[in-house]
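Chemist: Starting from these lines, generate the structure:
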Amino acid sequence: MEYIQAAVYGIVQGLTEFLPISSTAHLRIVPAVFGWADPGAAYSAVIQIGTVLAVILYFRRDIVSIVGAFFSGLKSGAPFANHQTSVGWYIIAGSIPISVCGMFLKKYIEGDTIRSLTAVACTTLFFGVLLLVAELAGKRTKSIESVGWRESQTMGLMQVLALIPGASRSGVTITAGLFSGLNREAAARFSFLLSIPAVTAAGLFEMKDAIKHGPAAASSGPLLAATLVSFVTGYLCIAFFLKYLKTRSTIPFAIYRIALAAAILVLLR
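Modeler: Numbering: from 1, shown residues only. A predicted model of the protein is given here:
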């Protein structure tokens, strides 16, 4: 049963981490549907490592190029000479807000109140509406090459809201990207690259607590299995979502969030 739960958690994490529908919300809702214990914030953070590895593998060429340009800029004494040498700095700076807030707000984030189904449903609803507004109001004229300090820091600051269960890290950052004028694919690509430092750090930081205090599925074997499953499903989800965004909007995901939140609130009542 531990491995069945782990596989379900891994699939849910992989499918919902990159779609703007909140992996944390679904990792809270799915166990409730099956009558399982809440896996907890620490467990969720650890299996996110699988989806981070999926990002690294999918964007390996981009990452090698960014890292190479980053150090080349340092070596030449011109770290901001062009967009390529600057992207690494954008990602680092954009990751600082969520890293700092995550450390100081750890106890609050893992509290029962903020992880209650009512709170998750309300957060899912609010940010679903915000994504819908961004989709309808955003100009979507800027490509990934247009990402600068303004766009990256706006997305980095919005990423802090992903600490709230139900907000969706990809959802809030894509929303910020759309409001900043980025096209859908550019917002999603930078959102995924921006996830690497913060999510990796959070997963490694929470690993000990997830194994020690998590549910039965958090023992080392099932935890590893969940992480592996999230890696595979996450990679496939990235490929699907980026292709999807080339010709379609995020409106169906916003509507899904609103409908899901309404359904949860009705069922709870």
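Chemist: secondary structure element for residue 19?
Modeler: No secondary structure element spans residue 19, as it lies outside all helices and strands (assigned by DSSP states H and E).
Chemist: wait, it sits on residue 237?
Modeler: Yes: contact status for residue 19 versus residue 237: in contact at 6.6 Å, counting by C-beta atoms under 8 Å. Quick note: C-beta positions are derived from backbone N, CA and C, even for glycine.
Chemist: Low-confidence ranges, the chain, go.
Modeler: When residues are selected by pLDDT under 70, those of the chain lie in 1, 110-111, 206-219.
Chemist: centroid residue for it?
Modeler: Central residue check for the chain by C-alpha atoms, centre = their mean: the C-alpha nearest the mean position is that of residue 169, 3.5 Å away.
Chemist: List the contacts of it.
Modeler: Residues touching residue 169, when contacts are defined by C-beta atoms under 8 Å, 6 or more residues apart in numbering, comprise 17, 23, 159, 162, 191, 195, 199.
Chemist: Try it again at 7 Å.
Modeler: Taking C-beta atoms under 7 Å, 6 or more residues apart in numbering as the definition of contact, the neighbours of residue 169 are 159, 162, 195.
Chemist: For the first one, which non-adjacent residue is closest in space?
Modeler: If you skip the residues right next to it in sequence, residue 159 has residue 98 as its closest partner in space, 4.8 Å away by C-beta to C-beta, 6 or more residues apart in numbering.
Chemist: ok so, going back, which among the contacts of residue 169 gets closest to residue 56?
Modeler: When these are compared for distance to residue 56 (C-beta to C-beta), residue 195 comes out closest, at 10.2 Å.
Chemist: residues near the closest one, how many?
Modeler: 24 (other C-beta atoms under 10 Å).
Chemist: List the buried residues for the helix or strand where it lies?
Modeler: In this structure, residue 195 sits in helix 184-213 according to DSSP H and E. Neighbour-count burial for helix 184-213, counted by 16 or more other C-beta atoms under 10 Å, picks out 184-203, 205-207, 209-210.
Chemist: Would you list the phi and psi of residue 140?
Modeler: Note on residue 140: its backbone torsions stand at phi 60, psi 50 [degrees, to the nearest 10].
Chemist: Might one say that it is in contact with residue 183?
Modeler: Yes: using C-beta atoms under 7 Å, residue 140 and residue 183 qualify as a contacting pair, with a distance of 4.5 Å.
Chemist: re earlier: helices and strands around the one helix or strand the residue nearest to residue 159 maps to, which ones?
Modeler: Residue 98 is part of helix 83-104, with elements assigned from DSSP H and E. If you count contacts as 3 or more C-beta pairs under 7 Å, 6 or more residues apart in numbering; DSSP states H and E, helix 83-104 packs onto helix 60-76, helix 149-159, helix 184-213.
Chemist: JSON lines please, covering those and showing distance to residue 105.
Modeler: What follows is the helices and strands packed on helix 83-104, written out as JSON lines (distance: least, C-beta to C-beta, whole Å):
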{"stretch": "helix 60-76", "distance to residue 105": "29"}
{"stretch": "helix 149-159", "distance to residue 105": "13"}
{"stretch": "helix 184-213", "distance to residue 105": "12"}
